[in-house]
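# Quick one, fold the following:
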Amino acid sequence: MIAAADLKMALADRAEEFARWLLPNGRKQGGEWLVGSLNGEAGQSLRICLSGAKAGVFRDFASGEGGDNLVELYRQRHGVEFVEALRACAAWLGEPLAASTSSNPRPLQKQAEKPASYQPTDEERQRWMKACDTLASDPERCEQVAKTRHWKTETVRDLAVEGSLGIEDNKLVFLYDTGAKIRFRQQGEKVIYWLFGKPFIWRGAYLSIPSRTKIFLCEGETDAIALLDAGAEKNDPAKLVVAVPSASTFNEKWARLFTGKDVLLCFDNDAAGNAAVDRVGKFLQGHARTIRAIDWEGINRAYG
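This is a model prediction of the structure:
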């Protein structure tokens, strides 16, 4: 007998074998399984991580669909309810599903509508994927970025594999569901601009996964990466680190993405950061289950 949590871990341990079985027209590239879409045709828009802490995480760069485990991949692939997907995956493993799991199914939750302001064109999506590939497929470049930014090489590679970080013209690119933002230094000055698209929440697609309930909302992508680097998401699948593009950038419509979630506002200890805590906190009220902010004297405080 196998419980749902153990089943997900068992599938992650055999992620490549499972991906080859479920989506046989795909191909392996580095640590990923690449396929055209959930329909199973050949291509590379849908990417499944095959190893490490992110094994089982998948994302379709064309549609924005994704998930954090292989049971969810099966569910979306075949359009079935969660319990049916559990039973099928347990059967693939050769293990009967624990009765407590099958008799008490998790209620299906409608994913929050993504209030994105911009949908990238096909040409922009190709540019997006190329930026990811350039970084994810080059261990030396991952190491170079990590060394320059004082991040872990594993963190850089994982973010490239999931489609959140890339390289274009030897410059670091932060990839959003709604576009791509580049940042670099030129003659000692910091340069930041949008290659294409419009602002949204960095790694915002993961907010649609019901199990991600403990949210760290950071001021900027680099702060979010520092948290990921410190292990903020490790050993707790409910935790998720996301970021706003800047302290002054938060669309009120984005607040509904945080519905029912526990949010910790991780903004800078300066005038702009404090103003953002008040502004974003007000938007989240009525949506988030709890809202807290970092007190830079060392204690988290409840918002309001």
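# Can you pull the domain assignment for this protein?
Domain assignment for the chain by automatic domain parsing gives 4-103, 122-197, 204-302.
# export those domains to JSON lines and tack on mean pLDDT?
Output for those, formatted as JSON lines (pLDDT from 0 to 100):
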{"stretch": "domain 4-103", "mean pLDDT": "85"}
{"stretch": "domain 122-197", "mean pLDDT": "88"}
{"stretch": "domain 204-302", "mean pLDDT": "90"}
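# Tabulate the ones you listed (TSV), appending mean neighbour count.
Every C-beta, even on glycine, is put in place using the N, C-alpha and C of the backbone. Below are the domains of the chain laid out as TSV (neighbours: other Cβ atoms under 10 Å):
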stretch	mean neighbour count
domain 4-103	18
domain 122-197	18
domain 204-302	18
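# How about Thr134: what's its closest non-neighbour residue?
Ile167 (4.5 Å; Cβ to Cβ, 6 or more residues apart in numbering).
# now for the helix or strand hosting the one you found, which elements pack on it?
Assessed by DSSP states H and E, Ile167 sits inside strand 165-168. Where contact means 3 or more Cβ pairs under 8 Å, 6 or more residues apart in numbering; DSSP states H and E, strand 165-168 is packed against helix 122-136, helix 153-162, strand 171-176, strand 179-186.
# again, only using 6 Å
helix 122-136 (3 or more Cβ pairs under 6 Å, 6 or more residues apart in numbering; DSSP states H and E).
# gap between the helix or strand following the helix it packs on and the chain center?
Next helix or strand after helix 122-136 toward the C-terminus (DSSP H and E): helix 139-149. Between the centre of helix 139-149 and the centre of its host chain there is 21 Å, according to Cα atoms, centre = their mean, to the nearest Å.
# Repeat that for stretch 10-27.
In terms of Cα atoms, centre = their mean, the centre of stretch 10-27 is found 20 Å from the chain centre.
# Just the terminal-to-terminal distance for that stretch.
22 Å (Cα to Cα, to the nearest Å).
# Please work out which residues outside that stretch touch it.
Trp33, Leu34, Val35, Gly40, Glu41, Ala42, Ile48, Leu50, Ala55, Gly56, Leu70, Leu93 (Cβ atoms under 6 Å, 6 or more residues apart in numbering).
# any chance of the residues you listed in TSV, plus secondary structure?
What follows is these, written out as TSV (DSSP: H, G, I helix; E, B strand; the rest coil):
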residue	secondary structure
Trp33	strand
Leu34	strand
Val35	strand
Gly40	coil
Glu41	coil
Ala42	coil
Ile48	strand
Leu50	coil
Ala55	coil
Gly56	coil
Leu70	helix
Leu93	helix
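# element containing His287, please.
Per DSSP H and E, there is no helix or strand for His287.
# distance of it from Pro237?
From His287 across to Pro237, the span is 22 Å (Cβ to Cβ, to the nearest Å).
# returning to what we had before: of the contacts of stretch 10-27, just say which sits nearest to Lys130.
Using Cβ to Cβ, Leu34 is the member of the contacts of stretch 10-27 that sits closest to Lys130, with 13.3 Å.
# Identify the residues contacting that closest one.
Leu34 touches Gly26, Arg27, Gln44, Arg47, counting by Cβ under 6 Å, 6+ apart.
# so Val191 sits in a helix?
No: judged by three-state DSSP, Val191 forms no part of a helix; its state is strand.
# Please name the bridge partners of it.
Per DSSP bridges, the residues bridged to Val191 are Phe184.
# contacts for the strand holding Ile167?
Under Cβ under 6 Å, 6+ apart, the answer for strand 165-168 is Ala131, Cys132, Thr134, Leu135, Leu159, Val173, Leu175.
# same question, stretch 238-258
Contacts for stretch 238-258 (Cβ under 6 Å, 6+ apart): 112, 115, 199, 201-203, 206-207, 212-221, 224, 227-228, 232-233, 272-273, 276, 280, 283-284, 287-288.
# Now, these that are in helices?
The helices, defined by DSSP state H, take in Glu221, Ala224, Leu227, Leu228, Ala272, Gly273, Ala276, Val280, Phe283, Leu284 from the contacts of stretch 238-258.
# which two in the residues you listed are spaced the farthest apart?
Leu228 and Phe283 (24.2 Å).
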